[in-house]
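Peer 1: let me see the structure of the following:
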Amino acid sequence: MLLALKIDVDTYRGTREGIPPLVAALQRHQAGATFLWSLGPDHTGRAIKRVFRPGFLSKVSRTSVVEHYGIRTLLYGTLLPGPDIGRRCAAQMRAVRDAGFECGIHTYDHIKWQDYVASKDQAWTLRELERARLRYQEIFGEPPKTHGAAGWQMNSHAYRWEETVKLDYASDGRGTHPFWPVVDGQRLNCPQLPTTLPTLDELIGVDGLTPENVHEHLLGLTADAPAHGHVYTLHAELEGMRLLPTFERLLAGWRRQGYQLVSTRRLFEQLDLARLPEHGVEMGEIPGRSGTLALQGKVRG
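Peer 2: Down below sits the predicted model:
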């Protein structure tokens with residue numbers, strides 16, 4: 001019974017302030033995890049244009065964005081220059097690696113990728129991915145082996161890049177179980193381990209769920225363990241800060257349910273790749289999140 005923890009680190013503040021408490025909590029609960037880093041400038045303030053996206057305002061009102069991210073972060077890239085996370089926080093990132101946790105690429109510029117990649121061409125996509133890859137190698141002294149897309153936003157060029165640079169696996173979308181991605185009719189050789197569980201910001205404020213009881217809902221979803229395990233995505237800005245007590249209740253609950261809490265790499269290493277199904281990838285909506293995102297599509301054959 002494996003439950004993989006995938007930690008998306010979106011912002012400068014999350015890297016500096018959210019990561020140390022998360023690492024300490026994981027160590028207290030003897031949990032592994034994979035940390036996916038934003039490696040370039042923090043331009044969180046530019047997300048203001050999402051105000052016109054259907055469902056965005058209701059999500060903001062439910063999840064207290066100002067409380068979780070802070071006023072300063074919400075001005076980066078607009079009224080304040082965006083700090084370069086990779087330049088300023090390289091030592092903190094290496095410390096996480098040295099503590100025994102897997103690291104990988106989340107993005108170079110989180111807001112830029114999340115807001116534009118779905119409609120961009122090959123040149124734009126590869127430029128952004130290569131910026132992230134080169135910065136990762138500069139920081140860690142080795143090439144990245146995994147990628148988890150910012151905001152679960154992808155396009156066909158990004159999937160092909162993962163195969164081209166020979167990533168071991170990726171976790172770019174939402175779904176129910178690991179699979180080989182099929183893009184434009186072609187099976188690619190970088191398996192996907194999709195996020196299988198809803199995130200806290202998708203649940204809190206819906207149907208009476210609060211930071212104090214949302215763990216009970218999630219533990220209900222994991223009561224019966226699937227053979228392929230689960231992938232849970234958390235955020236340094238949420239579970240590493242104001243929602244840390246909620247996350248610790250989840251960790252304790254999953255341990256009581258009998259799960260081993262592991263990195264996504266550990267889950268990948270348990271897969272029988274020869275028997276992995278092939279699924280298309282598509283963009284679609286899920287409850288609790290505005291806009292469309294990458295989803296596990298229909299099985300091929």
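Peer 1: isn't Leu271 right up against Pro191?
Peer 2: Yes - assessed by C-beta atoms under 8 Å, Leu271 is found in contact with Pro191 at 7.0 Å. Every residue, glycine included, has its C-beta placed from N, CA and C.
Peer 1: anything in contact with each of these two?
Peer 2: Both Leu271 and Pro191 are in contact with Pro178, where contact means C-beta atoms under 8 Å, 6 or more residues apart in numbering.
Peer 1: neighbour count: these two, which is higher?
Peer 2: Higher neighbour count among Leu271 and Pro191: Pro191, with 19 against 16, using other C-beta atoms under 10 Å.
Peer 1: what's the burial count for the closest residue in space to that one that isn't next to it in sequence?
Peer 2: Setting aside the residues directly before and after it, Pro191 is nearest to Tyr169 in space (C-beta to C-beta, 6 or more residues apart in numbering), at 4.9 Å. Residues contacting Tyr169 under the criterion other C-beta under 10 Å number 22.
Peer 1: helix, strand or coil for Ala227?
Peer 2: coil (DSSP: H, G, I helix; E, B strand; the rest coil).
Peer 1: any idea which helix or strand comes after whichever strand or helix holds Glu130?
Peer 2: Glu130 belongs to helix 122-140 when assigned by DSSP states H and E. For helix 122-140, the succeeding helix or strand toward the C-terminus, using DSSP H and E, is strand 146-147.
Peer 1: name the residues that touch that following strand?
Peer 2: Strand 146-147 is contacted from outside by 34, 36, 102, 104-106, 162, 167-172, 264-265, using C-beta under 8 Å, 6+ apart.
Peer 1: narrow those to those in helices?
Peer 2: Using DSSP state H, the subset of the contacts of strand 146-147 located in helices is Glu162, Thr264, Arg265.
Peer 1: scan the residues you listed and report the most crowded one.
Peer 2: Thr264 (31 neighbours).
Peer 1: ok, that residue touching Tyr169?
Peer 2: Yes - between Thr264 and Tyr169 there is a contact at 7.3 Å, judged by C-beta under 8 Å.
Peer 1: quick check: neighbours shared by these two?
Peer 2: Taking C-beta under 8 Å, 6+ apart as the criterion, Thr264 and Tyr169 both touch Thr146, Leu193.
Peer 1: before we move on, back to that, from the contacts of strand 146-147, which is closest to Leu3?
Peer 2: For the contacts of strand 146-147, the residue nearest Leu3 by C-beta to C-beta is Thr264; the value is 10.5 Å.
Peer 1: and that closest one, how far from Ala236?
Peer 2: 16 Å (C-beta to C-beta, to the nearest Å).
Peer 1: check Glu130 too.
Peer 2: Glu130 is 24 Å from Ala236, by C-beta to C-beta.
Peer 1: same question, Arg300
Peer 2: Distance, Arg300 to Ala236, using C-beta to C-beta: 36 Å.
Peer 1: what's the answer for Arg135, then?
Peer 2: On the measure of C-beta to C-beta, Arg135 and Ala236 end up 18 Å apart.
Peer 1: pick out whichever of the two has more residues nearby.
Peer 2: Using other C-beta under 10 Å as the criterion, Arg135 and Ala236 rank with Ala236 on top: 26 against 22.
Peer 1: wait, that one touches Val9, no?
Peer 2: Yes - applying C-beta under 8 Å, one finds Ala236 in contact with Val9, separated by 4.5 Å.
Peer 1: mind listing the shared neighbours of these two?
Peer 2: Thr15, Gly18, Ile19.
Peer 1: isn't there a helix covering the second one?
Peer 2: Yes - under three-state DSSP, Gly18 sits within a helix.
Peer 1: skipping adjacent residues, who's closest to it in space?
Peer 2: Counting by C-beta to C-beta, 6+ apart, the nearest residue to Gly18 once its immediate chain neighbours are dropped is Gly240, at 2.9 Å.
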